[in-house]
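A.B. asks: sharing a model that was predicted from the sequence below.
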Amino acid sequence: MKFMMKFLVPILIAVVLFVTSCDYNNKEDMFPISETCDTMNVSYSETIVPIITTYCLGCHSNTSAPLIGDNNRLEDYSDLKDYIENGSFWGSLNGEPAYEQMPFNGSKLDDCTLLKVKSWIDKGYPEN
């Protein structure tokens, strides 16, 4: 009996530790996003222009577009509006199959930035 207890106790302890160590937390619960993504207060001048300036104008400014941006200009609202209306602006940012992922040779924009752009487009892309 003593011999059996020597083996059963460690096995029982190991089983209890193994079973209680399982955790079913998901990434969102374990690492919550510290900021909220405000898609309600999105405007062309305060939200979209800074995004375009940061991620797009390196290749798509009026100066660089003819040289390295396939002549796709995004510096002015009127130019941007054309790309929104034909679907290529959102398609490229969102990496849709018919479009080349933008920014070119860069990482896809983070989810919050994409949500802001999508919200602005869905609201009729006002020039505000």
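C.D. replies: Okay, I see it.
A.B. asks: shouldn't residue 45 be in contact with residue 128?
C.D. replies: Yes. If you go by C-beta atoms under 8 Å, residue 45 and residue 128 touch, sitting 6.5 Å apart. Placement of C-beta: from N, CA and C, glycine included.
A.B. asks: what sits closest to residue 79 if chain neighbours are left out?
C.D. replies: residue 73 (4.4 Å; C-beta to C-beta, 6 or more residues apart in numbering).
A.B. asks: which SS state does the one you found fall under?
C.D. replies: coil (DSSP: H, G, I helix; E, B strand; the rest coil).
A.B. asks: count the neighbours of residue 111 for me.
C.D. replies: 10 (other C-beta atoms under 10 Å).
A.B. asks: ok, now which ones touch it?
C.D. replies: With contacts defined as C-beta atoms under 8 Å, 6 or more residues apart in numbering, the neighbours of residue 111 are residue 37.
A.B. asks: which helix or strand contains residue 83?
C.D. replies: Per DSSP states H and E: residue 83 is located in helix 77-85.
A.B. asks: in that helix, what's buried?
C.D. replies: Buried residues in helix 77-85, counted by 16 or more other C-beta atoms under 10 Å: 79, 80, 83, 84.
A.B. asks: name the next helix or strand downstream of that helix, please.
C.D. replies: helix 88-94.
A.B. asks: send the alpha carbons of that next one over as PDB?
C.D. replies: Extracted in PDB, the C-alpha atoms of helix 88-94 (Å, rounded to 0.1, in the frame of the first residue of the first chain):
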ATOM      1  CA  SER A  88      -9.600  51.700 -56.100                       C
ATOM      2  CA  PHE A  89      -8.800  53.800 -53.000                       C
ATOM      3  CA  TRP A  90     -10.600  51.500 -50.500                       C
ATOM      4  CA  GLY A  91      -9.700  48.400 -52.500                       C
ATOM      5  CA  SER A  92      -6.000  49.200 -52.400                       C
ATOM      6  CA  LEU A  93      -6.000  50.100 -48.700                       C
ATOM      7  CA  ASN A  94      -8.000  47.100 -47.700                       C
END
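A.B. asks: thanks a lot, see you next time.
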